[in-house]
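>>> Could you work out the structure for the sequence below:
(chains A and B)
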Amino acid sequence: MKKWIKVATAAALGVAMSASAANAAWEKVVIATEGAYPPFNEIDANGKAIGFDVDIANALCESAGLTCEIVTQDWDGMIPGLLAKKYDAIIAQMSITEERKRSIDFTNYYSASPAVFVGKEGMEVNAYADGEVVEDALDGMVVGVQRSTTHSSFLEDNFPGVEIRLYDTQDNALLDLVAGRIDVTLADSGVLLKWVESDDAAGYAFVSDAFAPEEWFGAGEGIGIRKEDQDLKEIFNKALEDILADGTYEEINKKYFTSVNLHSR
Amino acid sequence: MFEDFIYVLTKYDVWLWRGFLLTAQLLVISVAFGTVLAIPLAVARVSKKVWIQAVPFAFIYMFRGTPLIGQLFMMYYGVGQLVANIDGIQDHWTWTYLRDPYWYCLLTFVLNTAAYVAEIMRGGIQNVPGGEIEAARACGMTPFTTYRRIIFPRMWQMIWPAYTNDVIFTLKATSLASTVTLIELTGAARKIVARTALPYEAFISAGLIYLIIVYVLTLGFKMIERYLRRSEKRKDKLPGKIKPMGV
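Predicted coordinates for the structure are as follows:
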């Protein structure tokens, strides 16, 4: 009797699942971004997500004929939220790393900007030079970095003796940099470039060369997708090729960074 | 699932241990200093003179009426930035401490705990039977002696369960320290999640440690409660064993 119920349930589930698989032609896709990583993603005065990532997301959706909804999610909960199906894709400057690939999958990279240190003008922090980590480059400094990022992994792995402060957002790390409570911060050069050019950053500048060793920084930033959604991954990869080919990507790139090509790796 | 637990607990045991130490430290110091600060606040709060009452009232009202995370951010990013902008402070020897999030965090927790405990104490003091205080006065005790020998002992007896509750509340409040870069137990769990993308295993591990702390705390506070109520010799008077009237 019990066995019969099991078989029946399995059969019913099977039917239901194949039906939904046929329907899941991805008409509507919910995309998550962080909203605290300007100019890649931030929240404007009306509470709407804007920025490079959002423009890319919209361009991809338009190109693929999808209806997309952009939601914001704290960085910490980005991957758990995807796995819990709160949204279907992450477009939030997430680097493609082996560690993350254990739980989610990525499309091809859609941007690649290296990491750089920012500190007081005149400092020199060469923590990574000639393809090698310089272990004593940060000695005696307090370094601020955003939690759960490739940048924080890089610091934790290579500078065990250095005091590393983990922030919820890069914005907060920059606040503390100006307040003098950290000496330098490590982040994405695209983000820091925008900040260094702003009025808040008087007296602060890039204090290292840009670097991106693949062991820690992965192969650029991709769109995060659940492993089982291979069809969605294909849709995005195809759309990405299309917007790169028809100049849409370049247009968005220029809107935010006039001097940097974000797809040049 | 099970292997992932073992993985988190063995590979990141040092992170969890350090997180536990910081959590314990924040809890003990906040409760100790908070309680000491609460005593004068509570005494002033029950004063019959309005102008003495007003200050602790405003303090308690502010700290109980706003979210703790808001207070923490006000202290760390607000007060912290004001301090940072003082001329020459960044070259002064005190700057090593003034730039450290630990002290801002601790101060917020101490003040917050003081506000809650002071309000609990106020209730306790006001519930000491008037007859006992009158008796003490009649025996010639000064107000100070009355507080020391009559009111405070009676107050502790009465407020102990509520106080225990507040200590446990403070334990959980310490988790907010991770938002201002302190890696206590919750911060350690978040760090592990960042590394392993195993949110359940990391947070359940941290959760289990919190449960153990609460268990030990409850046990210890129960023992102290028994000591406080030692004068109530007859077992049937203890809470939980109250017999129906007339039996």
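>>> Can you name the residues of the stretch 1-150 of chain A that neighbour chain B?
A:76, A:79-80, A:99-100, A:102-104, A:142, A:144, A:147-149 (CB under 8 Å from any CB of the partner chain). C-beta: built from backbone N, CA, C; applies to glycine.
>>> Residue A:232 versus residue A:40, what's the distance?
For residue A:40, the distance to residue A:232 equals 21 Å [CB to CB, to the nearest Å].
>>> which of the residues of the stretch 1-150 of chain A next to chain B are buried?
The neighbour-count test (16 or more other CB atoms under 10 Å in any protein chain shown) marks A:76, A:79-80, A:100, A:103-104, A:142, A:144, A:147-149 as buried among the residues of the stretch 1-150 of chain A next to chain B.
>>> how about the helices of chain A, start to end?
Under the criterion DSSP state H, chain A contains helices at A:2-23, A:52-64, A:78-83, A:98-101, A:150-158, A:170-178, A:189-196, A:214-217, A:230-245, A:248-256.
>>> Just want the residue of chain B that's nearest chain A.
Proximity to chain A, evaluated over chain B using CB to the nearest CB, is greatest for residue B:194 at 3.4 Å.
>>> That residue is in contact with residue A:75, isn't it?
No. At 9.1 Å, residue B:194 does not count as touching residue A:75 under the criterion of CB atoms under 8 Å.
>>> shared neighbours of those two, anything?
By the contact definition CB atoms under 8 Å, 6 or more residues apart in numbering or on different chains, residue B:194 and residue A:75 are jointly contacted by A:147-149.
>>> and of the residues you listed, the nearest to residue B:187?
When those are compared for distance to residue B:187 (CB to CB), residue A:147 comes out closest, at 8.6 Å.
>>> per-residue confidence at the closest one?
pLDDT for residue A:147: 91.
>>> Kindly list the longest helix within chain B.
Determined from DSSP H, the single longest helix within chain B is helix B:13-45.
>>> helix or strand right after that one?
Using DSSP states H and E, the helix or strand that directly follows helix B:13-45 along the chain is helix B:50-65.
>>> Who are the packing partners of the helix or strand that that next one is followed by?
Counting by DSSP H and E, the next helix or strand C-terminal to helix B:50-65 is helix B:68-73. For helix B:68-73, the packing partners by 3 or more CB pairs under 8 Å, 6 or more residues apart in numbering or on different chains; DSSP states H and E come out as helix B:101-126.
>>> The helix it packs on and chain A, are they touching?
Yes. Counting by CB under 8 Å from any CB, chain A has neighbours in helix B:101-126: residue B:101.
>>> Run the chain-centre distance for the helix or strand following that helix.
Note on helix B:101-126: by DSSP H and E, the next helix or strand toward the C-terminus is helix B:130-138. Chain-centre distance of helix B:130-138: 32 Å, with CA atoms, centre = their mean, to the nearest Å.
>>> Can you pull the phi/psi pair for the closest residue in space to residue B:98 that isn't next to it in sequence?
Leaving aside its chain neighbours, residue B:98 sits nearest to residue B:83 (5.5 Å; criterion: CB to CB, 6 or more residues apart in numbering or on different chains). Taking degrees, to the nearest 10, you get phi -60, psi -40 for the backbone angles of residue B:83.
>>> Next one: residue B:83 from residue B:182, what distance?
To residue B:182, residue B:83 is 18 Å away according to CB to CB.
>>> same question, residue B:191
Counting by CB to CB, the gap from residue B:191 to residue B:182 is 12 Å.
>>> and for stretch B:37-47, what are the contacting residues?
Contacts of stretch B:37-47 (CB under 8 Å, 6+ apart): B:52-53, B:55-57, B:59-60, B:110-111, B:113-115, B:117-119, B:121-122, B:124-126, B:147.
>>> Now, of those, which are buried?
Buried members of the contacts of stretch B:37-47, scored by 16+ other CB under 10 Å, are B:56-57, B:59-60, B:110-111, B:113-115, B:117-119, B:121-122, B:124-125, B:147.
>>> Show me where chain B dips below the pLDDT cut-off.
Flagging of chain B using pLDDT under 70 yields the residue ranges B:1, B:233-247.
>>> Around chain B, which positions in the stretch 151-265 of chain A sit nearby?
Counting by CB under 8 Å from any CB, the stretch 151-265 of chain A sits next to chain B at A:152-153, A:165-168, A:172, A:175, A:179-181.
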